[in-house]
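In: Would you be able to build a 3D model of this:
(one chain, ligands or ions: 1)
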Amino acid sequence: MFDVNNIRKDFPMIVNNPNLIYFDNSATTYKPYCVLNAVKDFYENKTANVHRGDYDNSFIVSSEFDEARNVVAKFLNCDKNEVVFTSGATHSLNQAAQYGFQYLEKGDVILTTLSEHASNILPWFNVSKKTGATIEYIKQDKEGIIDLESFKKQMNSKVKVVTLAHVSNVLGHINPIKEIAKIVRKFDCILVVDGAQSAPHIKVDVKDLDVDMFAFSSHKMCGPDGIGVLYGKSEILNKLEPLIYGGGSNARFTSDGNILLREIPERFEAGTPNIEGVLGLKKAVEYLMDIGMDNIHNHEVKLKDYMISKLKELDNVTLYNPSADTGIIAFNVKGVFSQDSGSYLNNKKICVRSGHHCAKMVPNLINENDTVRASMYLYNTFEEIDRFIEALSNLNIESALDIFF
Ligand SMILES: Cc1ncc(COP(=O)(O)O)c(C=O)c1O
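Out: The predicted structure follows:
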């Protein structure tokens, strides 16, 4: 059974800071003891490089590293060869965009949304600049909800890549990826999904969704920083060029410059990998799977519904995504700059994010430049929301400035 009080005991940041309310989980998340212990255990008891040494610790660590790939494959429901370890979602999305550099040309279209995070739009802007392919935007309403009928009409034989977030990091809706994939499959086109805000919070089955590539970061799902995943269908990965070259990714090279790359996924993992990151991610995935992704999502939906209903009762708050599907809420306090709201909440020991959240085209949708974002995770509680609402109810231009004097 899902018991948030028990879950809270798993997180040293909560045990050590019981009064601090952490509502910035879209930026990064707390790590449970089991993840920290896995990282520590690697450094304290079995430090070795992977796939390189002929001694016990290297064998042990290599087999745990390989097992981590199996665990992530199970998490995503794919083959282990389709799991590429990267440094995070940004790296994964840049690797995915390599497809564009290889296969797109003038006249082709990349279809995306105005709510993308920089990490899933800047690589494609670059593809567009270098290849002459153009970027077009899927129609969304002012909350960022995709209009599937318009999307159907926008799809044609010129569209070679559809790329979008599974869940927007500002507006919190779950995009209808499965329905989008069905439409994309009617064309010679690939579907790339930024799962940075979905993999940590909802069950993701890449086979069922039928996506070609899917990216996420470990640190947003209780795992260590500096490690992430790019899932790619084997037929896509087999024709994708690696972003980086070096040791571990090649089977052979000769003085005339010929390189024989290893099979997927190793060909994408040149250099010593982030071993402690992979071992920590393995633990994080096991931890989340043990609790159950559906249980986590259900808890977050209850928190989100409660927070939205309470925010709606406040006259001083403008809410930008009242129909969010996940625990990501964007709002402003009337007459108060988002940054000042953030500082005021910080003064009350509440952590939120203020600004544009790296999604600088969202103002085209919500007609507001900067927002305050509260984003929740499995360890947040209704009591924390009550304290947050109480703090917000007293927030206005005077109280916001008071904290500076
Ligand atoms: C939707 C989305 N995509 C991509 C990223 C980039 O993730 P990272 O900074 O871990 O590479 C983020 C991070 O906030 C995000 O929210």
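
In: Around the closest residue to residue 211 other than its chain neighbours, how many other residues sit close by?
Out: Spatial nearest neighbour of residue 211, chain neighbours left out: residue 193 (4.7 Å); criterion: C-beta to C-beta, 6 or more residues apart in numbering. Just so you know, the C-beta spots here come from the backbone N, C-alpha and C atoms, and that holds for glycine as well. Residues near residue 193, counting by other C-beta atoms under 10 Å, number 30.

In: Name the strands paired with the host helix or strand of residue 193 and say parallel or antiparallel.
Out: Assessed by DSSP states H and E, residue 193 sits inside strand 190-194. Strand 190-194 has the following sheet partners, assigned by DSSP bridges: strand 159-165 (parallel), strand 213-217 (parallel).

In: List of residues touching that strand?
Out: If you take C-beta atoms under 8 Å, 6 or more residues apart in numbering as the criterion, strand 190-194 is touched by 89, 93, 96-97, 99, 116-117, 119-120, 160-166, 177, 180-181, 184, 209-215, 236.

In: What lies in contact with the next helix or strand after that strand?
Out: Per DSSP H and E, strand 190-194 leads on to helix 206-209 as the next helix or strand towards the C-terminus. Helix 206-209 is contacted by residues 76-78, 82, 177-178, 181, 193, 214, 231 when judged by C-beta under 8 Å, 6+ apart.

In: let's see 7 Å
Out: Helix 206-209 is contacted by residues 76-78, 177-178, 181, 214, 231 when judged by C-beta atoms under 7 Å, 6 or more residues apart in numbering.

In: Now do the strand holding residue 193, average pLDDT.
Out: Strand 190-194 carries an average pLDDT of 98.

In: Convert it to CSV, retaining C-alpha atoms only.
Out: Extracted in CSV, the C-alpha atoms of strand 190-194 (Å, rounded to 0.1, in the frame of the first residue of the first chain):
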residue,chain,number,x,y,z
ILE,A,190,9.8,9.4,-36.9
LEU,A,191,8.4,10.3,-33.4
VAL,A,192,10.9,11.6,-30.8
VAL,A,193,9.6,12.0,-27.3
ASP,A,194,11.1,14.0,-24.5
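
In: Kindly report the residues of the stretch 101-250 of the chain close to the ligand.
Out: Selection of the stretch 101-250 of the chain residues close to the ligand by C-beta under 6 Å from any ligand atom yields 117, 119-120, 165, 169, 194, 196-197, 217.
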